[in-house]
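# return atomic coordinates for the entry below.
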Amino acid sequence: MEELREGDIAVAGIPFDTTCGSRQGARFGPRGIREGSLHFVYQMDALNKGEKTMINAVTGEEVRFPFRDILRDTGDLTVYPADVEHTSECVRAGVEEMVSRGAFPVLLGGDHYVTFPAVEGFERAWKKKKSDPRLGYIHIDSHLDLSDDTEVWGKHYHGSTARRVSELDSFSAENMVWIGASGGFVSRDRWDFLRNSGAVQFSVDDMNALGISEVVNRAVTRASEGCDSVYVTIDIDVVDHAFAPGTGSYVYGGIPSFQFLQLMDGLRSVPAGALDLVEVAPPLDPTGTTSRLAATGLIRFLLPKISGR
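Next comes the predicted model:
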């Protein structure tokens, strides 16, 4: 990562799905998302005509060429299949280095557990910058991921990520926001944690009632209030299975693809210091739809950062 500079966007894959409690395949997510991003090249035919600007046909947003030279694909972080401890330390160290160098990590999972060591690395870097940082967290997912302990996985698997983040020194539940819960059932202790901790949840019903823009505005306000930076994690299963079948722990009743893209546009307003997108499992979607949707969402999020001046 020696080539990283202040202000760079550092893309890194985390091809690890050992803690996935259902259908595996997310270890192929980084490759799938990268391949899905290639379709954007075909939309840039204006470059062949020497034009300097393209227009979003829906929003009217301008995209200027050439792109700023700040996007760096650093490859995949080292993982050890079936070894959660060593993989976690590699993820922590990788993210810590990116943030310490002033880069903005965009991490491609991998199952949702990888978010926890990524957040730990994010926190480590911030503790180098100031003695007592305060950090926010936005969790976009059809699940709450608030499991505390299980007989099979213990305290560290893809269903415990948010619970473990809440226990870190720099994070407070008052600055943690959940977006996108869409179904299923949770145990009483998880529900009580969410309701009594001071955290905020916006379910799919809330998103439909309030609108994407209002939900994002409220989430940003809560997650960033008094904070130095915010970590954003996105589980692709927030999208309904009809639009994103390539994921391991799907539930029905999620948001459609157009709302997902609106959400990714809205997240541009978050004072984020890092972002990940996880649980894309290409083997479960031979059409490639899920990978391409994930890539499109990331491109939509990043365009204002990389668009030429």
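# where do the strands sit along the chain?
With DSSP state E as the criterion, the chain has strands at 9-14, 53-55, 62-64, 71-76, 104-109, 135-140, 171-179, 200-202, 229-235, 272-278.
# turn those into TSV, columns for mean neighbour count, distance to Val165 and mean pLDDT.
Glycine gets a C-beta too; all of them are placed from N, C-alpha and C. Listed next are the strands of the chain as TSV, based on neighbours: other C-beta atoms under 10 Å; distance: least, C-beta to C-beta, whole Å; pLDDT from 0 to 100:
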stretch	mean neighbour count	distance to Val165	mean pLDDT
strand 9-14	24	16	98
strand 53-55	13	38	80
strand 62-64	16	34	81
strand 71-76	16	23	96
strand 104-109	26	14	97
strand 135-140	26	6	97
strand 171-179	22	6	95
strand 200-202	19	15	93
strand 229-235	26	8	97
strand 272-278	24	12	98
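# switch these over to a markdown table; also include distance to Ser249.
Putting the strands of the chain into a markdown table (distance: least, C-beta to C-beta, whole Å) gives the following:
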| stretch | distance to Ser249 |
| --- | --- |
| strand 9-14 | 17 |
| strand 53-55 | 36 |
| strand 62-64 | 34 |
| strand 71-76 | 22 |
| strand 104-109 | 13 |
| strand 135-140 | 14 |
| strand 171-179 | 16 |
| strand 200-202 | 18 |
| strand 229-235 | 8 |
| strand 272-278 | 11 |
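# among those, which is nearest Ala162?
Shortest distance between Ala162 and the strands of the chain, using C-beta to C-beta, is found for strand 135-140: 5.1 Å.
# helices and strands around that closest one, which ones?
The contact analysis (3 or more C-beta pairs under 8 Å, 6 or more residues apart in numbering; DSSP states H and E) places strand 135-140 against helix 115-129, helix 161-166, strand 171-179, helix 212-224, strand 229-235.
# which residues of the chain score low on pLDDT?
For the chain, applying pLDDT under 70 flags the ranges 42-50, 149-159, 183, 309.
# now do 80
Scanning the chain for pLDDT under 80 picks out the ranges 1-2, 20-22, 41-52, 54, 65-66, 145-160, 183-191, 194, 196, 308-309.
# which one of the strands of the chain lies closest to Ser22?
Across the strands of the chain, the minimum distance to Ser22, taken as C-beta to C-beta, is reached by strand 229-235, at 12.7 Å.
# what strands line up against the closest one, and which way round?
strand 135-140 (parallel), strand 272-278 (parallel) (DSSP bridges).
# and the contacts of it?
Under the criterion C-beta atoms under 8 Å, 6 or more residues apart in numbering, residues 112, 115, 118-119, 122, 126, 133, 135-143, 145, 161, 165, 175, 220, 223-224, 247, 267, 270-279, 297 lie in contact with strand 229-235.
# so how far is that strand off the chain centroid?
How far strand 229-235 lies from its chain's middle: 5 Å, per C-alpha atoms, centre = their mean, to the nearest Å.
# surely Phe301 touches Met264?
Yes. At 4.7 Å, Phe301 counts as touching Met264 under the criterion of C-beta atoms under 8 Å.
# for Gly121, which residues are in contact?
Gly121 neighbours (C-beta under 8 Å, 6+ apart): Val91, Arg92, Ala93, Gly94, Val95, Glu96, Glu97, Met98, Val99.
# and if we set it to 10 Å?
Neighbour list for Gly121: 77, 88-100, 105, 107, 274 [criterion: C-beta atoms under 10 Å, 6 or more residues apart in numbering].
# restricted to helices, list those.
In helices, judged by DSSP state H, the following of these are found: 88-100.
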